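>>> structure, please.
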Amino acid sequence: MKICQVLAGNEDGGLEKHTIELSKQLKKRGFDVSVIAHKDFTPHFKDINFIPLDLSKGRNNFFILYKLFKILKKEKFDIVHTQANKATDMVNKIRAFINDIKVVSTLHNYKSNLKAFEKSDYAITVSDKISENLKNPNKVTIYNGINFDNSLNLYLDLYKRYNIQRDKFIICSVARFTKVKRFELLVEAMKSLDIHLLLVGDGTESDNLKLLASRLNVDLKITFTGALDNIEVKKIISNSSLFVMSSDNEGFPYTFVETMFCKTPFISTPVSDMKKLLGEKYIIQFNNLNDIVDKVNYVQNNYKNVVDDFKEKFEFAEKNFTIDNMVNETIKVYKGLKSE
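Below is the predicted model of the structure:
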């Protein structure tokens, strides 16, 4: 089967990671895989037919749409799999001019306008919650999966590495420092918590968060690690006692999946399917500073019980949040469309 993945973004986040991993695994399974994406992604697709095309420009750019049309017309793919809103919109604008094209589209995050996904032959969503308003009758939730090497030695003495007092309870959070992640709530919460916070990442809000920590006099209780490679991130998550996600919006966060594999308890705002997967006890209400303080205190004061609570959640993750599971479910969608 000849598959084409279409990626319109040019950043380095969960959407891009998803496309890279899916493409590589499909190739390993014997599929003829091509990827249309920005030339900056070339190094990620060394053994895959990579077709560089900058789709990050306006989705109504006639010149780019025509180039995309020429590629799809020439290659005659069995399935064109569009990743996220822009790629889906662009492919569905030109599909009427291409015979027998089958379009599968993955919705990675909340969107108010879902018309493009309703035109696709099949829609995949990365959580049940973001599919609620999607009216495509052919839709399925397939959770993001990762390859997690359980043989890795992830031990790291965080107290020594970051000069933290040995009696401190360590929590962490990992993400780009953008407004939607609401890291300022975690910084403010530190005024009322006797713990140490590791904030991993970098971004446009980095300076603002450091200034806020200094102004609130909690800068000695917070370590800003900067951006780290994935193995170092895993070490921090594995050796922290709790991961806190304070976001206003998430599709299905890879950080949640990795944290479950690292066997670290997790509390979160009710984004994505977090309430379904974690249970109400571990949910923080949006924009609620007091709730963050209360939930962190609860975990700290009842840690043995919390770890026992999470054993079942860790086991669920090991069965359902794997690359193999993600790829198997995606292939089922492809084969179902191909046989029609």
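>>> how much space separates residue 180 from residue 244?
15 Å (CB to CB, to the nearest Å). Using the backbone N, CA and C atoms, a C-beta is placed for each residue, glycine as well.
>>> my guess is residue 285 meets residue 269, correct?
Yes - using CB atoms under 8 Å, residue 285 is in contact with residue 269, at 7.2 Å.
>>> those two: who's more crowded?
residue 269 (24 against 12; other CB atoms under 10 Å).
>>> wait, that one sits on residue 245?
Yes - using CB under 8 Å, residue 269 makes contact with residue 245 at a distance of 6.5 Å.
>>> list the buried residues of stretch 110-127.
110-111, 114, 116-127 (16 or more other CB atoms under 10 Å).
>>> how about those residues, which pair is most distant?
110 and 121 (22.3 Å; CB to CB).
>>> outline the domain layout of this protein.
Per automatic domain parsing, the structural domains of the chain span 2-144+322-338, 158-320.
>>> least reliable of those by average pLDDT, please.
Per-stretch mean pLDDT for the domains of the chain is lowest at domain 2-144+322-338 (a mean of 93).
>>> and the next helix or strand past the longest helix anywhere in the chain?
What stands out as the longest helix in the chain, according to DSSP state H, is helix 303-320. With elements assigned by DSSP states H and E, the helix or strand that comes after helix 303-320 is helix 323-338.
>>> run through who's touching that next one.
Helix 323-338 is touched from outside by 1, 3, 21-22, 25-26, 29, 78-79, 81, 102, 104, 121-122, 124, 140, 142-147, 319, with contacts defined as CB atoms under 8 Å, 6 or more residues apart in numbering.
>>> any of these buried? List them.
Buried among these (16+ other CB under 10 Å): 1, 3, 21-22, 25-26, 78-79, 81, 102, 104, 121-122, 124, 142-146.
>>> return the distance of the helix or strand where residue 260 lies from the chain's centre.
Using DSSP H and E, residue 260 falls within helix 254-261. Averaging C-alpha coordinates over helix 254-261 and over its chain gives two centres that are 9 Å apart (CA atoms, centre = their mean, to the nearest Å).
>>> same check, this time on stretch 331-340
25 Å.
>>> which stretches in this protein count as strands?
2-7, 32-37, 49-52, 79-83, 103-107, 122-125, 139-141, 169-174, 195-200, 222-226, 242-245, 266-268 (DSSP state E).
>>> quick one: those strands as CSV, columns for distance to residue 69 too.
Listed next are the strands of the chain as CSV, based on distance: least, CB to CB, whole Å:
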stretch, distance to residue 69
strand 2-7, 12
strand 32-37, 12
strand 49-52, 13
strand 79-83, 12
strand 103-107, 14
strand 122-125, 21
strand 139-141, 26
strand 169-174, 40
strand 195-200, 42
strand 222-226, 43
strand 242-245, 40
strand 266-268, 42
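>>> mind checking which of the domains of the chain is nearest residue 152?
domain 158-320 (7.2 Å).
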